[in-house]
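In: Generate coordinates for the sequence data below:
(2 chains)
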Amino acid sequence: MSGFEAALVPVGQALLSGLLVGGVYGLLSIGFSLAFGVMRIVNFAHGDLVMYGMYVGVVSATLGIDPLFAIPFSFLLMGLLGAAQYQLIYKRFVGFATLQQLLAAIGLGLVLQMLAQVIFGADTRSAPSMFGSQYVLIGPLFISAAQVVAFIVAVIATVAVEALLLGTHWGRTVRAVADDIEAAELVGLSSQWINISAFALACGLAGIAGTIMVTYYPTDPSKGLSLMPIAIIATTIGGLGSIRGSFLGGIFCGMVQQLTAMLWNSALQDVPLYVLLLLFIAYRPTGMFGFRTE
Amino acid sequence: MRSLLPIAVVAALPALPFINNYILAATVRALIFIALGQAWNIVAGIGGQLSLGHGVFLGLGCYVTGILFNELGVPPWIGVWAGVLVALAVALVMGSMTLRMRGVFFALATVAVSLAFDQLARHYVDLTGGDNGLALKFLGNSLWALQSRSPAPFVYAGLAFVVLYYWITRSILASRFGLEMRAVRDDEIAAAAAGVRVFRTKLLSFLVSAAMTALAGGLYMQFYQAIDPESAFGLGQAIQLQLPALIGGLGTAWGPIIGGALMTVLSEATNWGATRLGVIGVDILIYGLVLLIVVLWAPQGIVGMLSRRRR
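Out: This next block holds a predicted model:
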């Protein structure tokens, strides 16, 4: 191997790890993006549902069930929790992206986080799946099997959501309500049912993201909040409201993190992302794939 | 009643040395909480720009004061002004980039700045002490270093801050500048049409608010004797800084005072009860619940509710 190729190995390694980590970032971002795109709700408590999804994995592991099998349960549970949140809190804010709504979500996030602390304790918990600490070698690069599985699940979930939105009657109604709520109601669509189901789907996706993430990334009650910057950045870069964009934004975030960690310092891996976020908000608020400008 | 309250407070001051230290320390915590809330209230309450990044200015006030004292022996009553200047410079750049954004995007952008500072503070360990934070060199009771073993002197300092900030808030509310800020808050387009220079008004209020936060950061540093990235730049702090004004009443002079005092009583009481039960972090749960309740059912805050009832 020549010197040049040897120098490329760490870059390839960083990009590959970034891709895998980023796929899961993408999955947690599309839920966040969906709630904004359809209802103009900035769900700052989205990360806390991811955190609960992680604890679903932890609980199933302590019961002796592989966390991967808990994914459907996690999806349903977080979907129900999301529907309840929508009814109790977000319903009155639909369509405006107001600061009151952001503050309500922040308050709800704090409550969810502290409830998790009371229920599960403040300790760090992990829940390895059957792929535990296995590694896969691709030439000179090595990757964790758990991350590969998580990436595959994330891709499947994202494709499924895209198919739902683009290919089904329900998806068309969701997009109609997102485009123009008054016109949609005029032609007889019930925005109430559509909103609640879309919000439940967004939260269910948070559940899936959490449960696959906990197979390689330990959790504690504050993990949800710490994931929010990634979701916000991925969604802003990809385009608020765009499912595909948010997913690609998540992958981009993962790669930037890993490259920064390799070239500069792992403690500063998020700094370039914050700078990018500021630049995007200031100069291109619709992101790379945003479809609406208003 | 409003004129009697300050008299009662002043009359009680000589009794301070006889009150137990726990209550004194809680009082100082409340006063610092209130002062920071008053500073945030300027740009967010009167100006309508809900910054989630004021932890940056609190942190700069704390870190600059502390680093100058520890490394160069600069006394905090000089050092804090350096902190204010640094905070003003950062606020100028940060405000220029973010203040043109609308509501939610402004809030998200400011929180990003705060989190970037969090990572930087963790990284530059030599300067900031990294994750563990920065502890002031403790000299014992010293007027030069503004340090004290007893919390009593900080009660006076905290009161001075709260009274000064109350006066500043009242003056701004009564001034043309305050009127322009409220016009921008209520309707940017109408304000611009009426001849208000919208961006300049926003930036100026952001700078005033940042300087006040950094100055109160000096008091924070002298009282707590330490600062770390999480308590300065973390999301928890960003949220806490908003609570006094949100709960008491956004944009009012009494709001942060009432809200801050109420929140401190609530959190001290629940923490006291929770420690007996062996649970931690209940104060945050209370913060979250109160924030939810206020936003959903009392968006005007306590002062707003009271004045509505009086009418």
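
In: which SS class is residue A:221?
Out: Classification of residue A:221 by DSSP: H, G, I helix; E, B strand; the rest coil places it in coil.

In: Secondary structure element for the nearest residue to residue B:211 once chain neighbours are set aside, which one?
Out: Computed as CB to CB, 6 or more residues apart in numbering or on different chains, the closest residue to residue B:211 that is not its neighbour in sequence is residue B:84, at 5.1 Å. Where you see a C-beta, it was placed from the backbone N, CA and C, and this is true even at glycine. For residue B:84, the host element (DSSP states H and E) is helix B:76-98.

In: Averaged pLDDT, whichever helix or strand comes after that helix. What do you get?
Out: Using DSSP H and E, the next helix or strand after helix B:76-98 towards the C-terminus is helix B:103-123. Averaging pLDDT along helix B:103-123 yields 86.

In: low-confidence ranges in chain A?
Out: For chain A, the stretches with pLDDT under 70 are A:1-2, A:97, A:289-294.

In: picking that back up, starting at the chain centroid, how far to the helix holding residue B:84?
Out: Distance of helix B:76-98 from the chain centroid (CA atoms, centre = their mean, to the nearest Å) equals 15 Å.

In: Please apply the same query to stretch A:6-19.
Out: Stretch A:6-19 has its C-alpha centroid displaced from the chain centroid by 24 Å (CA atoms, centre = their mean).

In: Please point out which parts of that stretch sit buried.
Out: Neighbour counts over stretch A:6-19 (16 or more other CB atoms under 10 Å in any protein chain shown) mark A:13, A:14, A:15, A:16, A:17, A:18, A:19 as buried.

In: What spatial separation is found between the nearest residue in space to the first one that is not next to it in sequence and residue B:36?
Out: The shortest distance from residue A:13 to any non-neighbouring residue, by CB to CB, 6+ apart, is to residue A:141 (5.2 Å). Summarising the geometry, the distance separating residue A:141 from residue B:36, computed by CB to CB, to the nearest Å, is 49 Å.

In: near chain A, which residues of the stretch 151-300 of chain B show up?
Out: Counting by CB under 8 Å from any CB of the partner chain, the residues of the stretch 151-300 of chain B close to chain A are B:235, B:239, B:242, B:246, B:279-282, B:284-285, B:287-292, B:295-296, B:299.

In: Filter those residues down to just the ones in strands.
Out: With DSSP state E as the criterion, strands contain none of those.

In: Of these, keep whichever come out buried.
Out: Of those, these count as buried by 16+ other CB under 10 Å: B:235, B:239, B:242, B:246, B:279, B:281-282, B:284-285, B:287-292, B:295-296.

In: burial measure for the residue nearest to residue B:98 when sequence neighbours are not counted, as a count.
Out: Closest residue to residue B:98 apart from its sequence neighbours, by CB to CB, 6+ apart: residue B:109 at 4.3 Å. When neighbours are counted by other CB atoms under 10 Å in any protein chain shown, residue B:109 registers 25.

In: quick one: residue B:109 and residue A:279 touch, right?
Out: No - using CB atoms under 8 Å, residue B:109 is not in contact with residue A:279; the gap is 10.2 Å.

In: Local confidence estimate at residue B:149?
Out: Value for residue B:149, per-residue pLDDT: 80.

In: what do you get for residue B:79?
Out: 92.

In: cool, residue B:309 as well?
Out: So, for residue B:309, pLDDT stands at 63.

In: that older thread, now do the contacts for the residue nearest to residue B:98.
Out: Applying CB atoms under 8 Å, 6 or more residues apart in numbering or on different chains to residue B:109 gives the contacts A:277, A:278, A:281, A:282, B:53, B:97, B:98, B:101.

In: ok, now residue A:150?
Out: A:20, A:23, A:24, A:212, A:213, A:215, A:216.

In: Go again with 6 Å.
Out: Taking CB atoms under 6 Å, 6 or more residues apart in numbering or on different chains as the criterion, residue A:150 is in contact with A:24, A:212.

In: which SS state does it fall under?
Out: Residue A:150 ends up helix, using three-state DSSP.

In: can you give me phi and psi for residue A:141?
Out: Note on residue A:141: its backbone torsions stand at phi -100, psi 140 [degrees, to the nearest 10].

In: State the number of residues packed around it.
Out: Neighbours of residue A:141 (other CB under 10 Å): 15.

In: One more: residue B:303?
Out: 22.

In: same question, residue B:102
Out: Residue B:102: 11 neighbours (other CB under 10 Å).

In: distance of it from residue B:41?
Out: 21 Å.

In: next one: residue A:16
Out: Taken as CB to CB, the span from residue A:16 to residue B:41 is 49 Å.

In: these two touch, right, residue B:31 and residue B:160?
Out: No - using CB atoms under 6 Å, residue B:31 is not in contact with residue B:160; the gap is 9.2 Å.

In: residues contacting the residue of the stretch 101-250 of chain A found nearest chain B?
Out: The stretch 101-250 of chain A approaches chain B most closely through residue A:110 (2.8 Å), counting by CB to the nearest CB. By CB under 6 Å, 6+ apart, residue A:110 lies in contact with B:284, B:287, B:288.

In: Also residue A:143?
Out: So residue A:143 contacts A:16, A:136 (CB under 6 Å, 6+ apart).

In: tell me the SS of it?
Out: strand.

In: How much space separates it from residue A:29?
Out: The gap separating residue A:143 from residue A:29 is 21 Å, by CB to CB.

In: got it, and residue A:136?
Out: Remark: distance between residue A:136 and residue A:29 (CB to CB) = 25 Å.

In: Now do the nearest residue to residue B:148 once chain neighbours are set aside: how many residues are near it, please.
Out: Nearest non-adjacent residue to residue B:148, counting by CB to CB, 6+ apart: residue B:141, 5.4 Å away. Neighbour count of residue B:141, defined by other CB under 10 Å: 10.

In: ditto for the one 5 residues further on
Out: Other residues near residue B:146 number 23, with proximity taken as other CB under 10 Å.

In: With residue B:175 instead?
Out: By other CB under 10 Å, neighbour count at residue B:175 equals 11.

In: which residues touch residue B:52?
Out: Counted by CB under 6 Å, 6+ apart, residue B:52 has contacts B:107, B:110, B:111, B:238.
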